[in-house]
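J.: coords please:
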Amino acid sequence: MNQAPPVTIECWKRIGTFGDRTCPELKIHVHCRNCPVYSANASRLLDSEVSEAYLAEQAEHYAQAKRGARPGERSAVVFRLAGEWLALSTAVFREVAPLRPVHSLPHRRDRVVSGVVNIRGELLVCVSLAATLGLSEKPTDSLGASARLAVVSRDSDRFVFPAEEIVGLHRYNDSDLSPVPATLVHAQAAYTRGILMWREQPVGVLDDQLLFYTLNRSLS
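T.: Numbering: from 1, shown residues only. The predicted structure is shown next:
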């Protein structure tokens, strides 16, 4: 009959399951948790007195307020347009679609209103956000493989605009916004609420209410 090996302090870390596994008792018990040495040390640990200093230290540690990262109260979709990084409130985004042909409207020559585009069987007005902001936009057929159409709406108004790239959602707080620099062109500055740093890139957060107001006026 095998006798229990003598109690050796933390032998499981040296020669046991958590060590080099040279302990001969492993042939019998397979794992240290099945060994009486391991059990004896666990019981001794549970029965030992806990010092007042240790209790005070642990109480102080767990009493501290958790400093978790506070998520941003606002969210916006970041996209690239005419070489500029911009963002619009997530609330106005409805869909991101592949580029499709834009059909011009007869007897209309407008820099902002490009025409109409078919989105899921519905003809929506396609606008040039770049022209609205006073930026130089590339032709739609030369935007590249990452270009997409963004479908946006506010109240009953729906528009589509092409973007060179749409990278996704970013959360932020109003306190994260920096003032609009004087170097921005006048039109773009008028529609920009503030500048947000994203992946070490300045992003202009657009005022969607003012933007939709201007787009609606372009249709009249």
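
J.: Can you show me the strands along the protein?
T.: Secondary structure of the chain by DSSP state E: the strands cover 74-81, 84-89, 93-97, 113-119, 122-127, 148-154, 157-163, 165-172, 192-198, 201-206.

J.: between the ones you listed, which gets nearest to residue 16?
T.: When those are compared for distance to residue 16 using CB to CB, the nearest one is strand 165-172, at 47.7 Å. In short, each C-beta sits where N, CA and C put it, glycine included.

J.: Identify all contacting residues around the closest one.
T.: Counting by CB atoms under 8 Å, 6 or more residues apart in numbering, the neighbours of strand 165-172 from elsewhere in the structure are 71-80, 87, 90, 96, 146-148, 150, 196, 198, 203, 205.

J.: before we move on, back to that, show me the one of the strands of the chain that comes nearest residue 17.
T.: Checking those against residue 17 by CB to CB gives strand 165-172 as the closest, at 44.5 Å.

J.: quick check: mean pLDDT across the closest one?
T.: Per-residue pLDDT over strand 165-172 has a mean of 92.

J.: What strands line up against it, and which way round?
T.: Strand 165-172 has these partner strands in its sheet, going by DSSP bridges: strand 74-81 (antiparallel).

J.: coming back round to it: what's the ChimeraX syntax to select whichever of the contacts of strand 165-172 are buried?
T.: Buried residues within the contacts of strand 165-172, by 16 or more other CB atoms under 10 Å, are selected in ChimeraX with:
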select :74,76,77,78,79,80,87,147,148,150,196,198,203,205
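
J.: circling back: please render the strands of the chain as CSV that adds distance to residue 133 to the earlier fields.
T.: Listed next are the strands of the chain as CSV, based on distance: least, CB to CB, whole Å:
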stretch, distance to residue 133
strand 74-81, 8
strand 84-89, 8
strand 93-97, 17
strand 113-119, 14
strand 122-127, 11
strand 148-154, 14
strand 157-163, 11
strand 165-172, 16
strand 192-198, 8
strand 201-206, 8
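
J.: what about those strands, which gets the closest to residue 13?
T.: The stretch from those with the least distance to residue 13 (CB to CB) is strand 165-172; that distance is 44.0 Å.

J.: In the closest one, which residues are buried?
T.: Using 16+ other CB under 10 Å as the burial criterion, the residues of strand 165-172 that qualify are 166, 167, 170, 172.

J.: which one is residue 90 nearest to, not counting chain neighbours?
T.: In space, not counting the residues next to it along the chain, residue 90 is nearest to residue 75; the distance is 4.3 Å by CB to CB, 6 or more residues apart in numbering.

J.: in terms of contact, does residue 154 touch residue 208 like I think?
T.: Yes - in terms of CB atoms under 8 Å, residue 154 counts as a neighbour of residue 208; the distance is 6.2 Å.
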